[in-house]
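Novice: below is the structure, and that's it, no one-letter string:
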């Protein structure tokens, strides 16, 4: 599975979550954090997709995805530890730790594997 297949939906989920947090609670931190990190992930997923279409792997995109997911894991994990609230901190921390593991796997295995051209 290619990283962009999970990264773009993950980014969209964060954007939607940030907007919902702002609308329901008036939290500008949710808006900035969710939309900001979500857009970074959507951009990284888009860069990875475009590189894949050209038959290449974008290591920059995979590293950006990994760093973003790791930071979200740390920040939301700390927030969950402090508040014990599953929503949103526990959910975002859980998804982010899974995504960080996935991205580390992609880095370890050489990124997106480009299929050989049929002759």
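Specialist: That came through, no problem. The shown structure was predicted, so the numbers you read here are calculated from the model rather than taken from an experiment. Numbers count the residues shown, from 1 in each chain.
Novice: report all helices and strands that the helix or strand that contains residue 44 contacts.
Specialist: Per DSSP states H and E: residue 44 is located in helix 28-53. Based on contacts counted as 3 or more Cβ pairs under 8 Å, 6 or more residues apart in numbering; DSSP states H and E, the elements that helix 28-53 packs against are helix 3-25, helix 59-83. All C-beta spots, glycine's among them, are computed from the backbone N, C-alpha and C.
Novice: got the contact list for the shortest one?
Specialist: Surrounding helix 3-25, the residues in contact under the criterion Cβ atoms under 8 Å, 6 or more residues apart in numbering are 27-28, 30-42, 44-46, 48-49, 52, 61-62, 65, 69, 72, 88, 92, 95, 99, 102-103, 106, 111-112.
Novice: now list the buried members of these.
Specialist: 27, 30-31, 33-35, 37-38, 40-42, 44-46, 48-49, 52, 61-62, 65, 69, 72, 88, 92, 95, 99, 102-103, 106, 111-112 (16 or more other Cβ atoms under 10 Å).
Novice: measure residue 14 to residue 110 for me?
Specialist: 27 Å (Cβ to Cβ, to the nearest Å).
Novice: next one: stretch 39-56 to chain centre, how far?
Specialist: 12 Å (Cα atoms, centre = their mean, to the nearest Å).
Novice: now the helices and strands packed on helix 28-53 as JSON lines including mean pLDDT?
Specialist: Converted to JSON lines, those look like this (pLDDT from 0 to 100):
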{"stretch": "helix 3-25", "mean pLDDT": "95"}
{"stretch": "helix 59-83", "mean pLDDT": "96"}
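Novice: how many residues are close by residue 53?
Specialist: Residues near residue 53, counting by other Cβ atoms under 10 Å, number 8.
Novice: likewise for the one 5 residues further on?
Specialist: Taking other Cβ under 10 Å as the neighbour definition, residue 58 ends up with a count of 23.
Novice: any figure for the gap between it and residue 50?
Specialist: 8 Å.
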